[in-house]
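Visitor: sequence first, then the predicted structure, then my questions.
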Amino acid sequence: MMQSFIVEHYLSKAVDVYCGGPDIFRGTVEACADNVLTLNNDGKLTHIAIDKIIAMWAQ
């Protein structure tokens, strides 16, 4: 359910992702498949397990 929501509302958009703790992941949503969110931040890819996401918002 979360995966389809991310694809529908955030694909190719710049987002911030919070998974707990002090870190916030930033980047453009490149893909969301197999329960993994992929962000691109200046050419560096970050892969985040969807079940670890607490919140995400557009930049």
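Guide: Great, that's in hand. Fair warning: this is a prediction, and the values are worked out from it, not measured in the lab.
Visitor: only C-alpha atoms from now on, for both contacts and neighbour counts.
Guide: Fine.
Visitor: now what about the longest strand along the chain, what contacts it?
Guide: In the chain, taking DSSP state E as the definition, the longest strand is strand 24-33. Counting by Cα atoms under 8 Å, 6 or more residues apart in numbering, the neighbours of strand 24-33 from elsewhere in the structure are 3, 6-7, 10-18, 37-42.
Visitor: would you indicate which residues of the helix or strand hosting V15 are buried?
Guide: V15 is located in strand 14-18, with elements delineated by DSSP states H and E. Residues A14, V15, D16, V17, Y18 are the ones in strand 14-18 that count as buried (16 or more other Cα atoms under 10 Å).
Visitor: including pLDDT and distance to A33, could those residues go into a markdown table?
Guide: Conversion of the buried residues of strand 14-18 to a markdown table gives the following (pLDDT from 0 to 100; distance: Cα to Cα, whole Å):
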| residue | pLDDT | distance to A33 |
| --- | --- | --- |
| A14 | 99 | 17 |
| V15 | 98 | 17 |
| D16 | 98 | 18 |
| V17 | 98 | 16 |
| Y18 | 98 | 19 |
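Visitor: give me the pLDDT for the residue nearest the centre of the chain.
Guide: The chain has L37 as the residue nearest its centroid, 4.8 Å off, counting by Cα atoms, centre = their mean. Reading off the per-residue confidence, L37 sits at a pLDDT of 98.
Visitor: V15 versus that one, what's the distance?
Guide: Counting by Cα to Cα, to the nearest Å, the gap from L37 to V15 is 11 Å.
Visitor: just the CA coordinates for stretch 16-24, please, in PDB.
Guide: Taking Å, rounded to 0.1, in the frame of the first residue of the first chain, the C-alpha atoms of stretch 16-24 are listed here in PDB:
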ATOM      1  CA  ASP A  16      12.700  14.300   2.500                       C
ATOM      2  CA  VAL A  17      12.400  10.900   4.200                       C
ATOM      3  CA  TYR A  18      12.500  10.400   8.000                       C
ATOM      4  CA  CYS A  19      13.200   6.900   9.400                       C
ATOM      5  CA  GLY A  20      13.800   7.900  13.100                       C
ATOM      6  CA  GLY A  21      16.900   9.200  14.800                       C
ATOM      7  CA  PRO A  22      18.700  12.300  13.800                       C
ATOM      8  CA  ASP A  23      19.000  11.600  10.000                       C
ATOM      9  CA  ILE A  24      16.700  12.800   7.200                       C
END
